[in-house]
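Trainee: curious how this folds, go ahead:
(chains A and B)
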Amino acid sequence: ILNVEQSPQSLHVQEGDSTNFTCSFPSSNFYALHWYRWETAKSPEALFVMTLNGDEKKKGRISATLNTKEGYSYLYIKGSQPEDSATYLCAPLGGANNLFFGTGTRLTVIP
Amino acid sequence: DAGVIQSPRHEVTEMGQEVTLRCKPISGHDYLFWYRQTMMRGLELLIYFNNNVPIDDSGMPEDRFSAKMPNASFSTLKIQPSEPRDSAVYFCASSSGGMAEAFFGQGTRLTVV
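Mentor: Model prediction:
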């Protein structure tokens, strides 16, 4: 089982604010890092799969960066909107292809 | 493809009864994962399969839990006997490998009374 830490556990921001949160994982035996968005009463949906150190991916107002040497990834949301309210999960992939999820960061965007 | 299909969506059972949760992965996906969602631990990986073979079941909480994948299009998670602390939402997900995103089913909400 991989030790995955996400911080903060929860976050409240005002609509229009930009925000970011962190996923920390063991840097040894790294294979890939997944980010998922999980809305209440729905199923997790993939945002990004990242593999290369220094990789940066973007989807609309959401972007993510990856540092495999130090074992962390940041997820950024620019100009948060109420519809961004969800739990954001990261899952580093070890060589065994098992997806262990962190406990997530629960984001609430206040209108 | 209709996505990952789980059944039933909701299950209420009495303590001591056997419960079977079912999952149909996306066609062509080689990996199938079973997760349990709890307030305390978030999404816990219970077990995953590769090409129908269980690879890692270290997350299965107790001997009361078992999972099978008899073919590429079907998997079951069984709890026997069930206990109230097993109440949770159980998710199944499938993917075509570590570099590819996993797709989740809608989950089965299990309540053991």
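
Trainee: how long is stretch A:31-50 from one end to the other?
Mentor: The straight-line separation of the ends of stretch A:31-50 (Cα to Cα, to the nearest Å) is 9 Å.

Trainee: what do you get for stretch A:35-53?
Mentor: Using Cα to Cα, the end-to-end distance of stretch A:35-53 comes to 15 Å.

Trainee: and that stretch with chain B, contact?
Mentor: Yes - looking at stretch A:35-53 against chain B by Cβ under 8 Å from any Cβ of the partner chain, the contacts come from A:43, A:44, A:45, A:46, A:49, A:51. Quick note: C-beta positions are derived from backbone N, CA and C, even for glycine.

Trainee: who are the contact partners of the last one?
Mentor: If you count contacts by Cβ atoms under 8 Å, 6 or more residues apart in numbering or on different chains, residue A:51 has them with A:31, A:32, A:33, A:66, B:99.

Trainee: which among the residues you listed end up buried?
Mentor: Using 16 or more other Cβ atoms under 10 Å in any protein chain shown as the burial test, the contacts of residue A:51 include A:32, A:33, A:66 as buried.

Trainee: and those residues near chain B, which?
Mentor: Of the entries in those, those that also sit close to chain B under the rule Cβ under 8 Å from any Cβ are residue A:32.

Trainee: so residue A:40 is in contact with residue A:86, correct?
Mentor: Yes - here residue A:40 reaches residue A:86: they are 7.5 Å apart, a contact under Cβ atoms under 8 Å.

Trainee: out of the two, which sits in the busier spot?
Mentor: The residue with more neighbours, out of residue A:40 and residue A:86 and counting by other Cβ atoms under 10 Å in any protein chain shown, is residue A:86; that gives 20 against 8.

Trainee: just the pLDDT for the closest residue to that one other than its chain neighbours.
Mentor: With sequence-adjacent residues excluded and distances taken as Cβ to Cβ, 6 or more residues apart in numbering or on different chains, residue A:86 is closest to residue A:39, at 4.6 Å. Per-residue confidence (pLDDT) for residue A:39: 94.

Trainee: beta partners for whatever residue of chain A ends up closest to chain B?
Mentor: Shortest chain A-to-chain B distance, computed as Cβ to the nearest Cβ: residue-wise this is residue A:46, at 3.3 Å. Here residue A:46 sits in beta bridges with residue A:36, going by DSSP bridges.

Trainee: gap between it and residue A:101?
Mentor: Here residue A:46 is placed at a distance of 12 Å from residue A:101 (Cβ to Cβ, to the nearest Å).

Trainee: once you drop chain neighbours, what's closest to residue B:5?
Mentor: Among residues not flanking residue B:5 along the chain, residue B:24 sits closest, at 4.3 Å (Cβ to Cβ, 6+ apart).

Trainee: distance check, the one you found against residue B:47.
Mentor: For residue B:24, the distance to residue B:47 - Cβ to Cβ - is 17 Å.

Trainee: who's more crowded, those two?
Mentor: Each of residue B:24 and residue B:47 had its neighbours counted (other Cβ under 10 Å), and the higher figure belongs to residue B:47 (23 against 19).

Trainee: report the buried residues of stretch B:74-81.
Mentor: Across stretch B:74-81, burial judged by 16+ other Cβ under 10 Å covers B:75, B:77, B:79.

Trainee: swap that for stretch B:90-107, please
Mentor: Neighbour-count burial for stretch B:90-107, counted by 16+ other Cβ under 10 Å, picks out B:90-95, B:98, B:100-107.
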